[in-house]
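[1] requesting a structural model of the entry that follows:
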Amino acid sequence: MHNKNSRPDNEILLQQQKLGIKILKNCRNELYRLFPYLDGAFASVAYQASDKTTRIGTDGNLFCFSPDFLLAAYCKSPSAIRRGYLHMLLHCLYLHILPDQKYQESYWNLACDIAVEQIISRENRAALEPDLPCGSTESFHVRQACFKETGGSSLSAEEIYHMLITRQFPCTPAELEQAFLFDDHSFWKENLSPEKAACIRRKWDKIRSHTGQGHHGISQNAGTSIGTQEEEIASLHKSRYNYRRFLKRFAVPREEAELDTESFDYISYTYGMEHYGNLPFIEPLEYREGNKLEELVIAIDTSGSCSAQTVQQFLAETYAILEEKENFFKKMKVYLIQCDCFIQDVAVIHSEEEWKEYGKNVKIHGRAGTDFRPVFQYIEERQKQKELRSLKALIYFTDGDGIYPDSKPDYETAFIFLKKTKGMELVPSWAVRLIADL
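    Predicted coordinates:
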């Protein structure tokens, strides 16, 4: 006799699938509150129950999940699934889902997992911390040892892959896999065809260009958590790049009080001094016209993706600009701004002496995510308050990974890189891209 209280297995499975999709949507909504700038990425994946996996995975279009796994894992630790959702989304944003066959599959998969997990860890969000650290105390210690080996910076999957194959980690690959595994990477193989790979790449390149995502992670390029770390810079290395020609584009003509030795008539001056005592016939001209900079804003990316050595070189490049007297009038106004995802420090330099004094005890503030927009907003505020009246140029030293403004400002902007990076591709068309060829 049929039990009226029982339901067919397929109806139970359908309810599990619906509940699984509801869980993933809930995770998406909670993550959106933490990372609103990833809205395009959140909207670009759909959810589907699948019998091809016993876990959950993505091919860049779908999050495919086993209902049994998802429901059990969510009941055990909702935050672990939230973190796993972001884990998979980062795989998509950084195109890990398009495997290069030159890499050994097992090491590449592991490198990608370590790369995105170190990015998430750097966000330091309580909502992303599992109730049980990484599933076990042993796994937690493995992860900590791994992050320590990377020097506290978020390395790319390619860099981590190299560390794995050269055995630079203190743990075995099996231990690392146990500690970092979340999703099923077998779905990545579906992207091996040139046609699908090209389609996936176009999709996520477009999404990344709108969210500001580069190849070093949210904390490094578009994080919203403010950095609190402070570093001292012992010394400033000399730059080998000449900015004079570049800065001449923004020079303005103005008379400046100084001796114009080129227009000075020494013959008349000497004659008067010799024949009439201390009465020269012609006084030196007190003013001369020159084309120089009155105002300039120099911004330095102090986010976590820029190492202390990189920031130190940014300062060296800044020194190269400011020490050239021919670049500036004597009365100048140079804003030196440190910014990660927030304005961290602002120094206004009015003379070479002030710059030298500032450079003696430079401290770097920040080390969080990267958002270029606060600098542009800060400049706009200074312009409205008439503190900046004739700004012609903003020079922004960066590694390129961050959120860029949507529109062109009323002054020229140059993003300057120490070397060619993939982050350069994200620079808006209205800005200048310059490599300080060191």
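
[2] from here on, just use CA atoms for contacts and neighbour counts.
    Noted.

[3] now do stretch 317-329, average pLDDT.
    The predicted model gives stretch 317-329 an average pLDDT of 61.

[4] repeat that for stretch 86-103.
    Averaging pLDDT along stretch 86-103 gives 91.

[5] tell me which residues are up against that stretch.
    Contacts to stretch 86-103, defined as CA atoms under 8 Å, 6 or more residues apart in numbering, come from residues 31, 41-42, 57-60, 108, 112-113, 116-117, 120, 182-183, 185, 188-189, 191-192, 197, 201, 204-205, 207-208, 213-215, 217.

[6] which positions within that stretch qualify as buried?
    Across stretch 86-103, burial judged by 16 or more other CA atoms under 10 Å covers 86-99.

[7] ok, now stretch 424-433?
    By neighbour count with 16+ other CA under 10 Å, stretch 424-433 contains the buried residues 424, 426-428, 433.

[8] can you show me the helices along the stretch 51-200 of the chain?
    67-76, 78-93, 105-123, 137-149, 157-165, 173-180, 194-211 (DSSP state H, counting those that start in this stretch).

[9] low-confidence stretches in the stretch 201-350 of the chain?
    Where the stretch 201-350 of the chain drops to pLDDT under 70, the residues are 209-293, 305, 307-309, 319-331.

[10] 80 - rerun?
    Counting by pLDDT under 80, the stretch 201-350 of the chain contains low-confidence ranges at 208-294, 303-332, 341.

[11] how about Val297, secondary structure?
    The three-state label given to Val297 by DSSP: H, G, I helix; E, B strand; the rest coil is strand.

[12] that one reaches Val334, doesn't it?
    Yes - here Val297 reaches Val334: they are 5.6 Å apart, a contact under CA atoms under 8 Å.

[13] which parts of this protein are strands?
    46-49, 56-58, 62-65, 229-232, 252-257, 287-301, 328-339, 343-349, 363-366, 393-397, 412-417, 432-435 (DSSP state E).

[14] how about TSV for those, with distance to Ile403 added?
    Output for these, formatted as TSV (distance: least, CA to CA, whole Å):
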stretch	distance to Ile403
strand 46-49	25
strand 56-58	25
strand 62-65	26
strand 229-232	21
strand 252-257	31
strand 287-301	12
strand 328-339	12
strand 343-349	14
strand 363-366	16
strand 393-397	13
strand 412-417	13
strand 432-435	15
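
[15] and of those strands, who's closest to Pro173?
    strand 56-58 (20.6 Å; CA to CA).

[16] what's the burial count for Ile337?
    The tally of other residues near Ile337 (other CA atoms under 10 Å) stands at 20.

[17] so, low pLDDT: which residues of the stretch 51-200 of the chain?
    Counting by pLDDT under 80, the low-confidence segments of the stretch 51-200 of the chain come to 123-124, 130-140, 144, 147-155.

[18] let's see that with 50 instead.
    133-135 (pLDDT under 50).

[19] distance check, the closest residue in space to Leu62 that isn't next to it in sequence against Pro78.
    In space, and not counting its chain neighbours, Leu62 is closest to Ala46: 4.8 Å by CA to CA, 6 or more residues apart in numbering. Distance of Ala46 to Pro78, given as CA to CA, to the nearest Å: 19 Å.

[20] in this protein, which helix is the longest?
    helix 9-34 (DSSP state H).

[21] tell me which other helices or strands it touches.
    Helices and strands touching helix 9-34, by 3 or more CA pairs under 8 Å, 6 or more residues apart in numbering; DSSP states H and E, are helix 39-42, strand 46-49, helix 67-76, helix 78-93.

[22] just the CA trace of the first one, in CSV.
    If I follow you right, that is helix 39-42. The C-alpha trace of helix 39-42 is given here as CSV (Å, rounded to 0.1, in the frame of the first residue of the first chain):
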residue,chain,number,x,y,z
ASP,A,39,28.1,43.3,-9.3
GLY,A,40,28.8,42.5,-12.9
ALA,A,41,30.6,39.3,-11.9
PHE,A,42,27.8,38.2,-9.6
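
[23] quick check: mean pLDDT across that helix?
    84.

[24] report the buried residues of it.
    Residues 39, 41-42 are the ones in helix 39-42 that count as buried (16+ other CA under 10 Å).

[25] quick one: distance of it to the chain centre.
    Helix 39-42 has its C-alpha centroid displaced from the chain centroid by 18 Å (CA atoms, centre = their mean, to the nearest Å).

[26] looking at the strands of the chain, which is buried most?
    strand 56-58 (a mean of 25; mean count of other CA atoms under 10 Å).

[27] that strand packs against which elements?
    Packing partners of strand 56-58 (3+ CA pairs under 8 Å, 6+ apart): strand 62-65.

[28] other residues contacting the strand it packs on?
    Residues from elsewhere that reach strand 62-65 (CA under 8 Å, 6+ apart): 20, 45-51, 53-58.

[29] of all the residues you listed, which two lie farthest apart?
    Farthest apart among the contacts of strand 62-65 by CA to CA are Val45 and Thr54. That separation is 19.6 Å.

[30] quick check: closest non-adjacent residue to Arg28.
    Leaving aside its sequence neighbours, Arg28 sits nearest to Phe42 (CA to CA, 6+ apart; 6.6 Å).

[31] with that, I have no additional questions.
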